[in-house]
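In: The sequence isn't on hand, but the structure is:
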Ligand SMILES: Cc1cc2nc3c(=O)[nH]c(=O)nc-3n(C[C@H](O)[C@H](O)[C@H](O)COP(=O)(O)OP(=O)(O)OC[C@H]3O[C@@H](n4cnc5c(N)ncnc54)[C@H](O)[C@@H]3O)c2cc1C
């Protein structure tokens, strides 16, 4: 007689009484192992529950709207193989690495591809240099700690948790060490996510102010700071709780405490229950970075804060100085300006966000110059005195002048709050790296090769601690790659970090996004480029949104016409840049982009209009013949 098996809801972390929102099979259906059976919806995400084995569905035990928890019976399955029901496993996400011979994806192009074929595919699939020391020590020779792991990941930010989850999905026994009570690192707790929550609110406030120009006037907003803070915290809570659930589902063991290497195969963790040792065959260091400081200022004064302090949103200062005109400083300036602070920004270099091309910065500079009290370029802060009435700041400008009118440094000023946003310092010196023989450079970064291996070949480093750019999406991509290289062994010996571009975004208002080669960099390196710039002043959508100050710039190879870089300034630039990154990864040329039909009217059209400009075929602008 055919054997009937109860198929149950597997371990879904901390979730209980989760709603069934879809039943994907019916009685009589033949299902394979991993075929999705039902979809559940938690407050964080939808989860598809796969079948742990193949068979024929005999009877459904749930319907849409039912609430289920771990162990609830989904259906009765008649086994078609002798295979025993095994616990369901999360389906594997797409890999981060490219193997030795990646299948080349042709770019969608109607033009004959001859030129492209001749062109060498730039840095894709660069094999990593052979590691200095070879295979990791064999397992038996490793001293055993209180806990032993195939892979231990130090730090649970976007790099670390991604690496740990990927390694677990690939069948490894993983330990994740994190010193803070929540997973997610800087990005989820005190970085990307809380800043974007507050930036969203800032945008609502400034948009509402500006609709007066279209004849819709709102009253001044009432700001309930406790409620706003609570809302921001609730988003962090949802995401970090979700990560704890995901770790549990994957059986990743989380050890809470500060970890330091004691040898090349051991980390000692200072936990609330005392010291615990974790031995490992491989390690991925993902210990991130911390806010940098200019020495010599009175940091014990609580009115001097860093980005973490600014995101706490304890109060709204009347007059606030932001030291550092980079991305983090300007995002925080955007928030506090909208909430009502009078903002001044002081920057040592001759432009805001010094890594980006100057033409991208101009629309932002123009807009915030009108809103902020002052923007001092080529100016540095030399002294901060903590007085009762405020923080008295002394400035020093360059001889070329950095004051508000380009006339030199301003007179000393008194502020209620100072935000120090002068960059981030990698945590390389805080983890006992020397005990494992891991090299750390003078800035605190841990140098790695193209496979993300440190000089100790079984120890990898990823994310902020492994080098610039210090961005969450770089950290997570590296996390997947490191996990895949370790888990893949021989098979992955030629896999390497081969992304052609890592996009950067300033979520200011307007946003600024860029990727690949910048114009400044091309000039510096003597690379011959062409550029095509589409001004948003002629974009129907930008005009309809009353935000036509933006522009979209494509940088292309003069000969091959392929995209080498892009820069966008304008609302939603951070979303728009992805198409250009894909174009670069796929080796797209201007014709590919210009012949791709984009929906109208959208801001995404500006990318294709820029490509048409490069091709001399644009009809939405008049371009005199060259
Ligand atoms: C205000 C702000 C806004 C940002 N916005 C963005 C953005 O919009 N987009 C973007 O891409 N990036 C943004 N970033 C940068 C982004 O947060 C980082 O690039 C990213 O978090 C790096 O990830 P990581 O995994 O390398 O390290 P981290 O996120 O720094 O995580 C490292 C983890 O390791 C833990 N750790 C360190 N040492 C130890 C130890 N010895 N033992 C145990 N645990 C340890 C830390 O507690 C931390 O949880 C922002 C940063 C800030 C500060």
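Out: Perfect, thanks for sending it. Just so we're clear, the structure is a prediction, and the values are computed from it rather than from any experiment.
In: Show me the helices in this protein, by range?
Out: Ranges of helices within the chain are 114-118, 158-169, 185-190, 192-210, 225-249, 307-312, 327-339, 358-371, 472-488, 519-525, 540-544, 573-585, 590-594, 605-615, based on DSSP state H.
In: Just say which of those is most tucked in.
Out: helix 158-169 (a mean of 29; mean count of other C-beta atoms under 10 Å). Yep, even glycine has a C-beta here, placed from its N, CA and C like the rest.
In: Any residue of that helix touching the ligand?
Out: Yes: under the criterion of C-beta under 6 Å from any ligand atom, the ligand is reached by helix 158-169 at 158, 159, 160.
In: And the residues you listed, which is closest to the ligand?
Out: residue 159 (3.1 Å; C-beta to the nearest ligand atom).
In: where does the closest one land on pLDDT?
Out: Note on residue 159: pLDDT of 98.
In: So it is in contact with residue 483, correct?
Out: No: if you go by C-beta atoms under 8 Å, residue 159 and residue 483 don't touch, sitting 10.4 Å apart.
In: overlap in contacts of these two?
Out: residue 284 (C-beta atoms under 8 Å, 6 or more residues apart in numbering).
In: Show me which residues of the stretch 451-600 of the chain are close to the ligand?
Out: So far as C-beta under 6 Å from any ligand atom goes, the stretch 451-600 of the chain lies against the ligand at 463, 464, 465, 470, 471, 472, 473, 475, 507.
In: Check the residues you listed and tell me the two furthest apart.
Out: Greatest spacing in those, by C-beta to C-beta: 465 and 507 (23.4 Å).
In: Between those two, tell me which one has more neighbours.
Out: residue 465 (29 against 21; other C-beta atoms under 10 Å).
In: got a list of what the more buried one touches?
Out: Contacts of residue 465 by C-beta under 8 Å, 6+ apart are 155, 285, 286, 287, 288, 289, 426, 427, 428, 444, 445, 446.
In: Could you tell me how many residues sit around the nearest residue to the last one once chain neighbours are set aside?
Out: Distances taken as C-beta to C-beta, 6 or more residues apart in numbering put residue 461 closest to residue 446, at 4.1 Å, once the chain neighbours are dropped. By other C-beta under 10 Å, the residues close to residue 461 number 31.
In: Tell me the one of the contacts of residue 465 nearest residue 528?
Out: residue 445 (32.3 Å).
In: For the closest residue to the ligand within the stretch 351-500 of the chain, give me its contacts.
Out: Nearest residue of the stretch 351-500 of the chain to the ligand: residue 463, at 2.1 Å (C-beta to the nearest ligand atom). Contacts for residue 463 (C-beta under 8 Å, 6+ apart) come out as 155, 157, 158, 159, 160, 286, 288, 470, 474, 475, 478, 479.
In: Assess the claim that the fifth one and residue 153 are in contact.
Out: Read it as residue 160. Yes: the pair residue 160 and residue 153 qualifies as a contact (C-beta under 8 Å) at a distance of 4.8 Å.
In: which neighbours do these two share?
Out: With C-beta under 8 Å, 6+ apart as the test, residue 160 and residue 153 both reach 176, 284, 286.
In: any idea how far the ligand is from the second one?
Out: Read it as residue 284. From residue 284 across to the ligand, the span is 10 Å (C-beta to the nearest ligand atom, to the nearest Å).
In: So in this protein, where's the weakest helix or strand by average pLDDT?
Out: For the chain, using mean pLDDT, DSSP states H and E, the weakest element among its helices and strands is helix 114-118, scoring a mean of 36.
In: returning to that earlier point: of the shared contacts of residue 160 and residue 153, just the buried ones, ChimeraX syntax please.
Out: Buried residues within the shared contacts of residue 160 and residue 153, by 16 or more other C-beta atoms under 10 Å, are selected in ChimeraX with:
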select :176,284,286
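In: so can I have a markdown table of the shared contacts of residue 160 and residue 153 showing distance to residue 549 and pLDDT?
Out: Below are the shared contacts of residue 160 and residue 153 laid out as a markdown table (distance: C-beta to C-beta, whole Å; pLDDT from 0 to 100):
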| residue | distance to residue 549 | pLDDT |
| --- | --- | --- |
| 176 | 44 | 98 |
| 284 | 43 | 98 |
| 286 | 39 | 98 |
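In: can you tell me which of the shared contacts of residue 160 and residue 153 are in strands?
Out: When DSSP state E is applied, those are split such that 176, 284 fall in strands.
In: Same list, the shared contacts of residue 160 and residue 153, but as a markdown table with distance to residue 185 please.
Out: Shown next, in a markdown table, are the shared contacts of residue 160 and residue 153 (distance: C-beta to C-beta, whole Å):
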| residue | distance to residue 185 |
| --- | --- |
| 176 | 11 |
| 284 | 13 |
| 286 | 8 |
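In: how does the chain divide into domains?
Out: Per the record, the chain has its domains at 4-91, 145-292+423-499, 304-419, 504-615, by automatic domain parsing.
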